[in-house]
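[1] got a predicted model here, sequence first, then my questions.
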Amino acid sequence: MSILLRDLSEVQGAIEGGPFHTNLQLVDGVLSGNASGPLADFTLERMAFCFGEVSEEAARRILSLRERAFSEIDLLVDKACENIEENRGHCYRASSRREAIDIVKGLVGSGKTVVKSFDFAVEEIGVGAELREENTVVDSSVPLAVSHLLPSVGEEALSERLRGLDISGRIEESLAAYYRRKLYEADVGITGVRALAADPGAMSFLPDSGIDRLITMSPEVHIIVAGLEEIVATYAEAFAMTEFISRHGKGDYSFLGFVGGPSKTGDIEKRVTYGAHGPREFHVIILDDGRSWAIEDRSPAVMCPRASKLPCPEVWSAWKEILGLEGAVREVRSVGRCPFTS
């Protein structure tokens, strides 16, 4: 049985809005102001907040970094793919959501256990809904969401929804044990990324839980879906972007990490061995899906780095236009501001 965050929307009292058949529909409902309740609050508070106080000097530095990357984005994509391949990874370019999900499905196949991070580009292409038809797929965000929902909807309602997961006893402890098993069994881990350095083809991550960090380390295959707007020129710039987000965002970023290819070691008879301490395969999908014209127009959607896993509500109307999602955006409870859109 698979369990995605949108499955929790079926728990009585968890959310009003919907129905939500995919995680992206859930995200849109929350960020458009059409959904309310404890699950919507969790999504805003844990995954869709903006920045806190940012000095003008710090904002200018990041804006300059963004402008530099966007002015040479095609060259940076070429360089990123060249370096990823040189690092024994595999790089793919996807012009649309359909193209991206077809790449993922080709890599995953069927009958696999997939643990995925709940991250914007990953949810944008609908990985969970597409893969769960032939695989077991679990969202990293579910245990955190369940802990948030317990006081509001109660253990009985949540246990009823999760009964197919083969868990028993107190739900939080049982769910934690279930996720430990799935991480151990996982064939594939799928994540987003916070910054992609074209040179040397390395990516930064800002997981908000140990589960998210282990997704990049435990499965044999690691698939990354990186939005085009997340590319920067150098490793130093990727670190600067990541540091800015971790410093001025409101999340708990205790699990920061960088990845530059499949796991390797030279400790075994002084020969380089791949897959010794982590994934043997490393795949990076660079997703456009409307971002090229947004970058050309310097849309606020791409000018504002994500302070969290999802875009903050302040720029969601611009993202809806890029993604081709219909419906107006209502006023959403403030969760910070983006200092790059004024």
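    Sure, I can see it.

[2] how many residues are close by L183?
    By the measure other Cβ atoms under 10 Å, the count of residues near L183 is 20. For the C-beta atoms, the positions are set from N, CA and C on the backbone; glycine is no exception.

[3] quick one: distance of the helix or strand encompassing it to the chain centre.
    Secondary structure assignment for L183, by DSSP states H and E: helix 171-185. Counting by Cα atoms, centre = their mean, to the nearest Å, helix 171-185 is centred 20 Å from the centre of its parent chain.

[4] check stretch 200-208 too.
    Worked out by Cα atoms, centre = their mean, stretch 200-208 lies 11 Å from the chain centre.

[5] show the average pLDDT along that stretch.
    The average pLDDT for stretch 200-208 rounds to 90.

[6] try stretch 95-110
    For stretch 95-110, the mean pLDDT works out to 97.

[7] find the nearest non-adjacent residue to A318, please.
    Nearest residue to A318, sequence neighbours excluded (Cβ to Cβ, 6 or more residues apart in numbering): A301, at 3.8 Å.

[8] likewise S299?
    A318 (5.2 Å).

[9] tell me the secondary structure at that neighbour.
    Under DSSP: H, G, I helix; E, B strand; the rest coil, A318 falls in the helix class.

[10] the residue nearest to A318 should be in a strand, yeah?
    No. Applying three-state DSSP, one finds A301 to be helix, outside a strand.

[11] identify the residues contacting it.
    E229, A294, P311, V315, A318, W319, E321, I322 (Cβ atoms under 8 Å, 6 or more residues apart in numbering).

[12] buried subset of the residues you listed?
    E229, A294, P311, V315, A318, W319, I322 (16 or more other Cβ atoms under 10 Å).

[13] mind checking how far the last one is from R93?
    Right, I322. With distances taken as Cβ to Cβ, to the nearest Å, I322 is found 17 Å from R93.

[14] then V77?
    7 Å.

[15] what touches both of those two?
    Shared contacts of V77 and R93 (Cβ under 8 Å, 6+ apart): I286.

[16] can you show me the strands along the stretch 51-200 of the chain?
    Ranges of strands in the stretch 51-200 of the chain, per DSSP state E, counting those that start in this stretch, are 90-94, 113-116, 136-139, 188-191, 195-199.

[17] if we can go back for a sec, the buried ones among the contacts of A301 in strands, which ones?
    The strands, defined by DSSP state E, take in nothing from the buried ones among the contacts of A301.

[18] closest one of those residues to F49?
    P311 (10.3 Å; Cβ to Cβ).

[19] grab the nearest non-local neighbour of the closest one.
    Sequence neighbours aside, W319 is the residue nearest to P311 in space, at 5.2 Å (criterion: Cβ to Cβ, 6+ apart).

[20] ok, the one you found - contacts?
    Contacts of W319 by Cβ under 8 Å, 6+ apart are A301, P311, L325.

[21] hang on, the earlier thing: so how far is S95 from the residue nearest to A318?
    Counting by Cβ to Cβ - A301 and S95 are separated by 18 Å.

[22] and L44, by the same measure?
    31 Å.

[23] ok, G324 next?
    14 Å.

[24] quick one: which of the two has more around it?
    Neighbour count, other Cβ under 10 Å: between G324 and S95, S95 has more, with 15 against 9.

[25] hmm, back to that, would you reformat the contacts of W319 as a markdown table and include distance to T234 and pLDDT?
    A markdown table is the format used below for the contacts of W319 (distance: Cβ to Cβ, whole Å; pLDDT from 0 to 100):
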| residue | distance to T234 | pLDDT |
| --- | --- | --- |
| A301 | 24 | 94 |
| P311 | 25 | 95 |
| L325 | 34 | 94 |
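
[26] and of these, the nearest to R170?
    P311 (34.9 Å).

[27] picking up where we left off before, quick one, grab the pLDDT at the residue nearest to P311.
    pLDDT, W319: 97.

[28] residues touching M47, list them.
    Each residue near M47 by Cβ under 8 Å, 6+ apart is listed here: F118, S141, D208, S308, K309, L310.

[29] which of those residues are buried?
    F118, S141, D208, S308, K309, L310.

[30] so which of the residues you listed are in helices?
    Among those, none falls in helices (DSSP state H).

[31] quick check, nearest of the residues you listed to I245?
    Of the buried ones among the contacts of M47, the one sitting nearest to I245 (Cβ to Cβ) turns out to be S308, at 8.5 Å.

[32] beta partners of I286?
    Beta bridges link I286 to R93, A226 when assigned by DSSP bridges.

[33] from W319, how far off is the closest residue to Y235 other than its chain neighbours?
    Leaving aside its sequence neighbours, Y235 sits nearest to A197 (Cβ to Cβ, 6+ apart; 4.5 Å). Computed with Cβ to Cβ, the distance linking A197 and W319 is 24 Å.

[34] give me the low-pLDDT residue ranges for this protein?
    261-278, 342 (pLDDT under 70).

[35] do a quick rundown of the helices in the stretch 151-300 of the chain.
    155-161, 171-185, 210-215, 235-248, 291-296, 300-303 (DSSP state H, counting those that start in this stretch).
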